[in-house]
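Peer 1: need a structure here:
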Amino acid sequence: MQSELRKKLIAAFTNSGTEYLSGQTLADLAGCSRTAIWKHIEELRKEGFEFEAVRKKGYRITNTPENITADEISFGLKTKFVGSNIHYEETLDSTQKVAYRLAYEGAPEGTIVIAEEQLAGRGRMQRKWHSPKYSGIWMSVILRPEIPPQKAPQLTLITAVAVVQAIQETTGLHPQIKWPNDILLSGKKITGILTELQAESDKINSIIIGIGINVNQREEDFPEEIKQIATSILNELGQPVSRAKLIQSLLKNLEKLYLLYLDKGFQPIKLLWESYAISIGEFITARTLNKTINGRALGITEDGVLLMEDEAGTVHHIYSADIDLKGDQV
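Peer 2: Numbers count the residues shown, from 1 in each chain. Here you go, the predicted model:
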């Protein structure tokens, strides 16, 4: 976790923009000595931050590193609480596992866990998620909404909209959502979302949202078994993307949509989700644990359940399934 002093220092540089900040101004803002400020600036330099220091003016940040440490995410982050506490590790088995433990220990709402690499990343139904080093976003977010446990799946749909909006803002690309939790570019998967609960029978203690985004992988970086169904932003855009800026946009949009949801309910999110959905109005195949249903996707309910009309005109409520679009096994 970042120290409170480091958070104050990064916030000061974020708010100053291109203006210089003197050592004394930084010391006053952070509530520490100028010597402590100098030591923290040297530590930031070691992380890859570049500073311009001008006598009688002070310091300003002129360049940031390409890694995704807590400091790099915080610098320029425009949120009230999502991402205000960042737990960063170079390598983890799973960000979900660490977030689950932190949530249980009382971590504040909006805490994120992020890693450069996951050794045991996973998606829905315990499927493995390929999480190579320095190329993607492997992150979990802790939220604590005061909603009934049965409404928890709505958070998956909120997150999907936030991911789409963040990718659009950062890259100009236009991803689409495949129910319930896949984000696609050119019909191939770039993002998966995994939502898990810590709850009692009538109360949510926390929701842990795992987000995996393929950002800067090249085609040869994908295992052979998923090359035909997975892609990355780099592959589609033709150039690498700043992962830190994408994370900042994602956290900003997630917070905005989450607060809208808490204030206005799911209806405005539902409309946004359906506007990005690839399957609405299309003929699809839904493979549940018990059966396979062919039909047309009508939309989603207020609880995020997929509505599907089969050839006989019967409308099915799909709570959990693998969805095939026109025969694609995405």
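Peer 1: chain center to the lengthiest helix in the chain, what's the gap?
Peer 2: Taking DSSP state H as the criterion, the chain has its longest helix at helix 243-264. Using Cα atoms, centre = their mean, to the nearest Å, the distance from the centre of helix 243-264 to the centre of the chain it belongs to is 9 Å.
Peer 1: now the following helix or strand past it: mean pLDDT?
Peer 2: Once the chain leaves helix 243-264, the next helix or strand it forms, by DSSP states H and E, is helix 267-276. For helix 267-276, mean pLDDT rounds to 94.
Peer 1: C-terminal to helix 267-276, what's the next element?
Peer 2: Past helix 267-276, the next helix or strand by DSSP H and E is strand 283-287.
Peer 1: Paired strands for that next one, with orientation please.
Peer 2: strand 292-300 (antiparallel), strand 322-325 (antiparallel) (DSSP bridges).
Peer 1: Worst mean pLDDT among these?
Peer 2: The lowest average pLDDT among the strands paired with strand 283-287, as it happens, falls on strand 322-325, at a mean of 84.
Peer 1: Return the set of buried residues in that strand.
Peer 2: In terms of neighbour count (16 or more other Cβ atoms under 10 Å), strand 322-325 has its buried residues at 323-325. For the C-beta atoms, the positions are set from N, CA and C on the backbone; glycine is no exception.
Peer 1: between the residues you listed, which is closest to E225?
Peer 2: D324 (17.5 Å; Cβ to Cβ).
Peer 1: Which strand residues bridge the closest one?
Peer 2: T285.
Peer 1: Any chance of JSON lines for the buried residues of strand 322-325, columns distance to L9?
Peer 2: Listed next are these as JSON lines, based on distance: Cβ to Cβ, whole Å:
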{"residue": "I323", "distance to L9": "46"}
{"residue": "D324", "distance to L9": "50"}
{"residue": "L325", "distance to L9": "48"}
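Peer 1: element containing K8?
Peer 2: helix 4-16.
Peer 1: and E309, how far is that from F283?
Peer 2: E309 sits 10 Å away from F283, going by Cβ to Cβ, to the nearest Å.
Peer 1: who touches both of the two?
Peer 2: 295-296 (Cβ atoms under 8 Å, 6 or more residues apart in numbering).
Peer 1: which residues in the stretch 101-250 of the chain form helices?
Peer 2: 153-171, 233-237, 243-264 (DSSP state H, counting those that start in this stretch).
Peer 1: The last one - what's its average pLDDT?
Peer 2: I take that to be helix 243-264. Rounded mean pLDDT across helix 243-264 is 97.
Peer 1: Would you mind listing the buried residues in it?
Peer 2: For helix 243-264, using 16+ other Cβ under 10 Å, the buried residues are 243-255, 257-258, 261.
Peer 1: okay, it in CSV with CA atoms only?
Peer 2: Taking C-alpha atoms only, helix 243-264 is exported to CSV below (Å, rounded to 0.1, in the frame of the first residue of the first chain):
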residue,chain,number,x,y,z
ARG,A,243,-2.0,0.9,-19.3
ALA,A,244,-1.9,3.5,-16.5
LYS,A,245,-4.1,5.9,-18.5
LEU,A,246,-6.5,3.1,-19.3
ILE,A,247,-6.7,2.1,-15.7
GLN,A,248,-7.4,5.7,-14.6
SER,A,249,-10.1,6.1,-17.2
LEU,A,250,-11.6,2.7,-16.1
LEU,A,251,-11.6,3.7,-12.4
LYS,A,252,-13.1,7.1,-13.2
ASN,A,253,-15.9,5.6,-15.3
LEU,A,254,-16.6,2.8,-12.9
GLU,A,255,-17.0,5.3,-10.0
LYS,A,256,-19.3,7.5,-12.1
LEU,A,257,-21.5,4.6,-13.1
TYR,A,258,-21.5,3.1,-9.7
LEU,A,259,-22.6,6.3,-8.1
LEU,A,260,-25.3,6.8,-10.8
TYR,A,261,-26.5,3.2,-10.0
LEU,A,262,-26.7,3.9,-6.3
ASP,A,263,-28.6,7.1,-6.9
LYS,A,264,-30.9,6.2,-9.8
